[in-house]
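>>> coordinates for the following, if possible.
(one chain, ligands or ions: 2)
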Amino acid sequence: MSTIKIKGATLFTMVEGEAPYEGDLLIKDSRIAGVGPSIAEEAKEIVDGRGMIAMPGLVNAHQHSPMSLLRAFSDDLKLLDWLERKMLPAEGRMTPEDIYWGAKLAIAEMIKSGTTAFADMYIHMNEIAEAVKETGIRASLTRGVIGLEDDGGRRMAEAADLIDRWHGQADGRITTMVGPHAPYTCPPHFMKEALTLAADKRVPVHTHLAETVEEIAKIREKYNCTPTEYLADTGILSHSHVLLAHAVHLTTEDVKLLCGIKGGVAHNPVSNLKLSCGIAPVVELLEQRICVGLGTDGAGSVTTLDMFEEIKAAAWLQKLRAGSPAAFTAGEALAMATIGGSGLLALREEIGTLETGKKADIILIDLRKPHLQPVHSMESLLAYSVNGADVDTTIVDGRILMRGRRLLTMDEEELLRQASVRVKRITEGV
Ligand SMILES: CSC[C@H]1O[C@@H](n2cnc3c(O)ncnc32)[C@H](O)[C@@H]1O
Ligand SMILES: [Zn+2]
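Numbers count the residues shown, from 1 in each chain. Ligands and ions are numbered 1, 2, ... in the order given. This next block holds a predicted model:
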């Protein structure tokens, strides 16, 4: 049995009502075996937690990981222009090997900035699954399917194959979903086909929703309803679990339609800011007890996968939107990045807090830095001052993936070399 003890850290458990305290955390195999002020039981491996915060790993609830290869390639365009003129043509040139290295580049960035689980939607998913398996991170994988082209059927078959091959693999670190891309790329019959597949395979649906005003206009023109009403009409919102990325433009009626859904909304504040999409009504969603997690979206739009940037942006945008600094707190933003994300990945019982019995997905943040002292409020410090580079150690499923900022499951030099040799072919002339 593998055992690890984190000694003398400040434990920020994210358990409701529990204040941070100094203590130890014991890991046995993949799970947390004890958390408390002092644990007597010894372990094979000791991690010195003094001067560090131990907290649950962050959950990136919406991503397109291989888009790391398209980071800073195309900026300052409207979403649909950016997607149709730049991203889709470049993605059309990506080989399965490109996808594998792009996913690995994203995973390295995520582990180095404190993300321990992510929800991904992309193409060539077998390669992404291999990257997840090798690197030790946790992921919910979705083959994104667009229903506008002739080969929608082949894509749906790939979506089914991903589930059959990978659901529950890599010691259970990999789960899967079905991914009809968005209301504007999936006509009703195709949405229903995706829903049938998800129901047959008993997996969640992961889709984009109401990201831009252009999408609202398109769906109104085509179907005379809002994108949220469209998803309700096709039955998607009644599915056993739905992960809705963005949900920026919602009417009061739309929010009512989302009440009671199983799953929830992945809020992507930095991507929404950068593409000037708008500000999602997060406070209203939370008031209706709708689960909200945080995502980055792909590096092709957002540029960085550092979830601490999303935490800051989420808090600041909701304060601005409400015209009140009290409208949304640091603690609420941190909860979205951990507990909220765990709910969206359908892993609420397994990750998101530091509690005995849960999976050991833990990060250590080194506080011994000028921008992290003094410590008046741990929550404010974590939400407003910490950045991804402050993460010292990342543990997933009881395995240390980064220690002292050194990646232990990846050759970082080879990774950077592979990324740089691929991008010219993918992007030249696009
Ligand atoms: C078919 S796989 C997923 C597909 O989604 C594209 N994508 C990336 N970012 C966004 C976004 O913000 N809205 C909609 N679609 C997006 C990505 O380029 C892939 O083609
Ligand atoms: Zn997206």
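
>>> skip ahead from the helix or strand harbouring E215 and say which helix or strand is next.
Assigning secondary structure by DSSP states H and E places E215 in helix 213-223. Counting by DSSP H and E, the next helix or strand C-terminal to helix 213-223 is helix 227-233.

>>> return stretch 17-26 as PDB; C-alpha atoms alone will do.
Provided in PDB are the C-alpha atoms of stretch 17-26 (Å, rounded to 0.1, in the frame of the first residue of the first chain):
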ATOM      1  CA  GLY A  17     -18.200  26.000   8.100                       C
ATOM      2  CA  GLU A  18     -14.700  24.700   8.700                       C
ATOM      3  CA  ALA A  19     -12.000  27.400   9.200                       C
ATOM      4  CA  PRO A  20      -8.400  26.800   8.000                       C
ATOM      5  CA  TYR A  21      -6.200  25.100  10.700                       C
ATOM      6  CA  GLU A  22      -2.800  23.700  11.100                       C
ATOM      7  CA  GLY A  23      -2.500  19.900  10.900                       C
ATOM      8  CA  ASP A  24      -1.700  16.700   9.000                       C
ATOM      9  CA  LEU A  25      -3.300  14.800   6.200                       C
ATOM     10  CA  LEU A  26      -2.800  11.100   5.600                       C
END
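
>>> now do stretch 130-141: distance to the chain's middle.
13 Å (Cα atoms, centre = their mean, to the nearest Å).

>>> for the helix holding E215, packing partners?
helix 227-233 (3 or more Cβ pairs under 8 Å, 6 or more residues apart in numbering; DSSP states H and E). C-beta coordinates here come from the backbone N, C-alpha and C atoms, glycine included.

>>> give the buried residues for the helix it packs on.
Counting neighbours by 16 or more other Cβ atoms under 10 Å, one finds that the buried residues in helix 227-233 are 227-232.

>>> same question for stretch 380-396.
381-383, 386-388, 390-396.

>>> can you check stretch 202-216 too?
By 16+ other Cβ under 10 Å, the buried positions in stretch 202-216 come out as 203-212, 215-216.

>>> with secondary structure as extra columns, can I get these in a markdown table?
As requested, the buried residues of stretch 202-216 are exported to a markdown table (DSSP: H, G, I helix; E, B strand; the rest coil):
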| residue | secondary structure |
| --- | --- |
| V203 | coil |
| P204 | coil |
| V205 | strand |
| H206 | strand |
| T207 | strand |
| H208 | strand |
| L209 | strand |
| A210 | coil |
| E211 | coil |
| T212 | coil |
| E215 | helix |
| I216 | helix |
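
>>> can you narrow those residues down to the ones near ligand 1?
Counting by Cβ under 6 Å from any ligand atom, 208, 211 from the buried residues of stretch 202-216 sit close to ligand 1.

>>> pLDDT for the buried residues of stretch 202-216 - can I get that in TSV?
Compiled in TSV, the buried residues of stretch 202-216 are given as follows (pLDDT from 0 to 100):
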residue	pLDDT
V203	98
P204	98
V205	99
H206	98
T207	98
H208	98
L209	98
A210	98
E211	98
T212	98
E215	98
I216	98
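
>>> and of the buried residues of stretch 380-396, the nearest to ligand 1?
G388 (20.5 Å; Cβ to the nearest ligand atom).

>>> next one: the spatially closest residue to the closest one that is not a sequence neighbour from L80, what distance?
With sequence-adjacent residues excluded and distances taken as Cβ to Cβ, 6 or more residues apart in numbering, G388 is closest to S113, at 2.6 Å. Distance of S113 to L80, given as Cβ to Cβ, to the nearest Å: 29 Å.

>>> quick one: pLDDT of L148?
L148 is assigned 88 on the pLDDT scale.

>>> which bits of the stretch 151-300 of the chain sit near ligand 1?
Residues of the stretch 151-300 of the chain lying near ligand 1 (Cβ under 6 Å from any ligand atom): 181-182, 208, 211, 271, 297-298.

>>> if you set the cut-off to 5 Å instead, what comes out?
Within the stretch 151-300 of the chain, the positions near ligand 1 by Cβ under 5 Å from any ligand atom are 181, 208, 297-298.

>>> using CSV, lay out those residues together with secondary structure.
Output for those, formatted as CSV (three-state DSSP):
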residue, secondary structure
H181, coil
H208, strand
D297, coil
G298, coil
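
>>> just the buried residues of these.
In these, the ones that pass as buried (16+ other Cβ under 10 Å) are 181, 208, 297-298.

>>> quick one: the helices in the stretch 1-150 of the chain, in order.
For the stretch 1-150 of the chain, applying DSSP state H, counting those that start in this stretch gives helices covering 79-81, 88-92, 96-112, 125-135.

>>> pLDDT on the shortest one, on average?
Same thing as helix 79-81. Helix 79-81 carries an average pLDDT of 94.

>>> and what of stretch 243-262?
Stretch 243-262 comes out at a mean pLDDT of 98.

>>> quick one: that stretch to chain centroid distance?
Taking mean C-alpha positions (Cα atoms, centre = their mean), stretch 243-262 and its chain are 19 Å apart.

>>> again, but for stretch 120-131
Put simply, stretch 120-131 sits 15 Å off its chain's centre (Cα atoms, centre = their mean).

>>> show me what that stretch is in contact with.
By Cβ atoms under 8 Å, 6 or more residues apart in numbering, the list of residues contacting stretch 120-131 from outside reads 62-67, 91, 94, 96-97, 99-100, 103-104, 107, 139-144, 158, 162, 165-166, 169-170, 174, 177, 179, 181, 206, 245.

>>> return the members of these classed as buried.
By 16+ other Cβ under 10 Å, those give 62-67, 91, 94, 99-100, 103-104, 107, 139-144, 158, 162, 166, 170, 174, 177, 179, 181, 206, 245 as buried.
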